[in-house]
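> Can you look at this prediction? I've put the sequence above it.
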Amino acid sequence: MHQAPPQVAELALRGLLHLQEVSLIADKAFRFRTSTLDILRIQSSTLTSTRNMVEQWFAPCKQLHLISTTAETARVTERVLCELNNRILCDGLEEFRYNTIHVADSIDYAISLHTFTPLMPFSSLKIVDLAAFCTSLLDDNALGSIVNSWPRLEELYLGIKFGSRIAPKITFQGFLTVLSSCLNLREFGLAFDATTPDLPIAEKPGGWVCNTNITTLHVGFSPIEQPPQVAVVLSVILPCLTEINVEHYDANSRNRGAREAKWAEVLKYISFSNLEEARGFACLKPRFQ
């Protein structure tokens, strides 16, 4: 229902007792109660507008897709997500996607562990998509706490859509924590600091988890300095990798071209014919005998 008056939307939804999918573009509040939907999509001006609209709802769903024209601060986002609990955030949720057209490049808008707290009780989640939001305030420990709450995760996208002036705190250790905690993962996107891969462990295949499901990696604005070293690590943990994508071009995408070229180098070195060359460039000396 695209921009239908709230009274019309309420009457129409009340008369449809066996709904499986609902899509709305609206900001005005109305009452709605239903049994579990397969898919619920809501587009509004802000997440707060969505909260106001669903204040008198009880609409559990398996897949929840939220779109806001404008993002709000991380503190507001956390509060609103808490208030959506038992309205549209309910037990049995398997997919949560929240996208926005514009996010200010400011620390106030960078989401932290607190932002994820309202979502962490939903252990049934298989897909979490927060690609549009800066996650640079998350560190390895915070990321570990988050993904340990979602053992069934199959798709995860965090902070990869836009660039940011705030450097990511997550390192390769956090990257590995995701892979070891979510063994069913098949789609992965994460902005992280790729400048210091822990190379010696990469010389011991089996020392790290190996995910053969992931063929495409989305790295957003992840900084990188030594493509050969990164290639050695990724060849061990993601041996089937065939594609790496950086963030969309926007005003905050500083040095995007140079980073894109370095990540393209990683793919070149990962190929079977070039892996030995990458190992030579990395000058690895195993720590363990």
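Yes, it's here.

> Only C-alpha atoms from now on, for both contacts and neighbour counts.
OK.

> okay, now the residue nearest to L158 when sequence neighbours are not counted: neighbour count?
Leaving aside its chain neighbours, L158 sits nearest to A131 (4.6 Å; criterion: CA to CA, 6 or more residues apart in numbering). When neighbours are counted by other CA atoms under 10 Å, A131 registers 24.

> Which residues are in contact with A131?
N99, Y157, L158, G159, I160, K161, G189 (CA atoms under 8 Å, 6 or more residues apart in numbering).

> What of I88?
I88 makes contact with V54, W57, F58, A59, P60, C61, L64 under the criterion CA under 8 Å, 6+ apart.

> part of a strand, is the last one?
Yes. Under the criterion used here (DSSP: H, G, I helix; E, B strand; the rest coil), L64 sits inside a strand.

> give me the beta-bridge partners of it?
Note on L64: beta-bridge partners by DSSP bridges are L40, F96.

> Surely it and Q43 touch.
No. Using CA atoms under 8 Å as the test, L64 is too far from Q43 to be in contact (11.2 Å).

> what ranges do the strands span in the protein?
Using DSSP state E, the strands found in the chain span residues 21-25, 32-33, 37-44, 57-58, 61-70, 95-102, 127-130, 155-158, 187-190, 216-220, 243-246.

> Also compute the angle for the third one relative to strand 61-70, please.
Spelled out, it's strand 37-44. Interaxial angle, strand 37-44 versus strand 61-70 (axes from the mean of the first three to the mean of the last three CA atoms, to 10 degrees): 10 degrees.

> what is the mean pLDDT for strand 37-44?
Strand 37-44 shows a mean pLDDT of 95.

> likewise the second one?
For strand 32-33, the mean pLDDT works out to 86.

> strands paired with it, and their directions?
Partners of strand 32-33 in the sheet, by DSSP bridges, are strand 57-58 (parallel).

> Could you list the low-pLDDT ranges of the stretch 101-250 of the chain?
Applying pLDDT under 70 to the stretch 101-250 of the chain flags the ranges 198-208, 249-250.

> Out of the strands of the chain, which is closest to P227?
Nearest to P227, of all these, is strand 243-246, at 12.3 Å by CA to CA.

> where's the closest one relative to the chain centroid, distance-wise?
Computed by CA atoms, centre = their mean, to the nearest Å, the separation of strand 243-246 from the middle of its chain amounts to 15 Å.

> Any buried residues in it, and which?
I244, N245, V246 (16 or more other CA atoms under 10 Å).

> For those residues, give me JSON lines that also has distance to E260.
Formatted as JSON lines, these follow (distance: CA to CA, whole Å):
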{"residue": "I244", "distance to E260": "9"}
{"residue": "N245", "distance to E260": "8"}
{"residue": "V246", "distance to E260": "6"}
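
> any idea how far the residue lying closest to E94 once chain neighbours are set aside is from R259?
Nearest non-adjacent residue to E94, counting by CA to CA, 6+ apart: L125, 4.0 Å away. Relative to R259, L125 is positioned 32 Å away (CA to CA, to the nearest Å).

> Looking at these two, which one has more neighbours?
Comparing L125 with R259 by other CA under 10 Å, the one with more neighbours is L125, at 24 against 19.

> so how far is K169 from that one?
Separation of L125 from K169 (CA to CA): 25 Å.

> swap in D140?
7 Å.

> between those two, which one's more packed in?
Neighbour count, other CA under 10 Å: between D140 and K169, D140 has more, with 19 against 15.

> give the contact list for the closest residue to that one other than its chain neighbours.
If the residues on either side of it in the chain are set aside, D140 comes closest to G174, at 4.3 Å by CA to CA, 6+ apart. Residues near G174 by CA under 8 Å, 6+ apart: D139, D140, N141, L143, G144.

> Including distance to G92, could those residues go into CSV?
Formatted as CSV, these follow (distance: CA to CA, whole Å):
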residue, distance to G92
D139, 28
D140, 27
N141, 26
L143, 22
G144, 22
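
> Number of residues surrounding the residue lying closest to S180 once chain neighbours are set aside?
Using CA to CA, 6+ apart and skipping the chain neighbours, the partner closest in space to S180 is V209 (5.8 Å). By other CA under 10 Å, the residues close to V209 number 17.

> thinking V209 is in contact with L176, fair?
Yes. Using CA under 8 Å, V209 makes contact with L176 at a distance of 7.4 Å.

> my read: L125 touches E95, true?
Yes. The pair L125 and E95 passes the contact test of CA under 8 Å, sitting 5.6 Å apart.

> Return every residue with contacts to both of those two.
Common contacts of L125 and E95 (CA under 8 Å, 6+ apart): none found.
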